[in-house]
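1. One predicted model, sequence on top.
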Amino acid sequence: MDLTTKYLGLDLKNPIVPSASPLSEKLHSIRKMEDVGAAAIVMHSLFEEQITQESHRLDHYLDYGTESFAEALSYFPTAPDYYVGPDQYLENVRLAKESTDIPIIGSVNGISIGGWIGYARLIEEAGADALELNVYYMPTNPGMSGAEVEDRYVEIVKEVRRSVTIPLAIKMGPFFSSTANMAARLAEAGADGLVLFNRFYQPDFDLEKLEVVPNLILSKSNEMLLPLRWVAILYGRIAADLAITSGVHTHEDVLKGVMAGANVTMMASELLKNGIDRIDAILTALRAWMDEHDYDSIQQMQGSMSQIHVREPSAFERANYVKVLQSWQRDPISEL
């Protein structure tokens, strides 16, 4: 059974890649993920705010939507609140690379063109095989146009592409007015891979303390439907590899992602909830399913259910929408 695939020019033994999460903050967890079958590992993210705090300067964007610079500072964790500082992050990348035989992908999370571009180069020098950019940006300025937001993403990719030679992926969100066009622009700017999609976590209100508080909700398999659809649409039409990173929990999720056209499927919530050993269990179930359905390799099924392999591509865009709306049926028993 050939489970091998290629992602960002890297030869991987299977399509399961743990995405950026606290699991990659510790070397023993990284080693265990490799032992149970992870094909590559995306390191936990280095945040732009960590870098700017350490150098005692913050970019101008921090005061968007605030009344003062001082108030903007209060929104972010202080340096000691981060589990790993910038220097330790580079050391973690170096140790992970020295201690494993699978590709290690660095991760940088930010929204501006500034000091973190230099850290992208340092991550490469630390030994990372590739780099994933997580541009987590919520435009709150009513005067900022959609075109300006898109240009920011493209410029970040261009600047990082100029600063590193290793393969580059970008984790994009689903909220662009033309997702397909934005995907093409990011690939043209130098992204070797697109990771679909970034989850935009929403804060909550504490009514007793009258504070805005973080609210982390781990993903479920149904959240995979949106990136699954877009991977199926983009496969074969964009000059970049594709990864699904939302809602991957089971071997069925992996199969669906590959058939849509993904080179790899990334998971974090499943491993955080049910343990790293789930990778081995999913791979075992994946092999069993492929054997039962007479598939010899991952390449054999990749993209088999993508839009370009549908007889009527336009139907792919609307037919399922119409079917979903018509699929609900009343329960006749409940009406008695």
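-> Perfect, I can see it now.
2. Next, the nearest residue to residue 269 once chain neighbours are set aside: phi, psi?
-> Distance criterion CB to CB, 6 or more residues apart in numbering; nearest residue to residue 269, sequence neighbours excluded, is residue 218 at 3.8 Å. C-beta coordinates here come from the backbone N, C-alpha and C atoms, glycine included. With angles defined as degrees, to the nearest 10, residue 218 sits at phi -70, psi 160.
3. Any figure for the gap between residue 218 and residue 246?
-> Residue 218 is 11 Å from residue 246, where distance means CB to CB, to the nearest Å.
4. Compare the two (neighbour count), which wins?
-> A direct count of neighbours by other CB atoms under 10 Å for residue 218 and residue 246 places residue 246 higher, at 25 against 12.
5. Am I right that that one sits in a strand?
-> No: counting by DSSP: H, G, I helix; E, B strand; the rest coil, residue 246 is not part of a strand but coil.
6. Now do it, the pLDDT please.
-> Looking at residue 246, its pLDDT reads 87.
7. Repeat that for residue 146.
-> pLDDT recorded at residue 146 is 89.
8. Next: residue 48.
-> Listed pLDDT for residue 48 reads 62.
9. Would you confirm that the residue nearest to residue 269 contacts residue 271?
-> No: using CB atoms under 8 Å, residue 218 is not in contact with residue 271; the gap is 10.1 Å.
10. who touches residue 295 in this structure?
-> Residues in contact with residue 295 (CB atoms under 8 Å, 6 or more residues apart in numbering) are residue 301.
11. Report the separation between it and residue 242.
-> Distance from residue 295 to residue 242, by CB to CB: 20 Å.
12. Same question for residue 122.
-> According to CB to CB, residue 122 and residue 242 sit 28 Å apart.
13. out of those two, which sits in the more crowded spot?
-> Taking other CB under 10 Å, residue 122 and residue 242 do not tie; residue 242 has more neighbours (28 against 19).
14. sec struct for residue 242, please.
-> Of the three states, residue 242 takes strand under three-state DSSP.
15. ok now do it, which residues does it touch?
-> Per CB under 8 Å, 6+ apart, neighbours of residue 242: 193, 194, 196, 231, 234, 235, 261, 262, 263.
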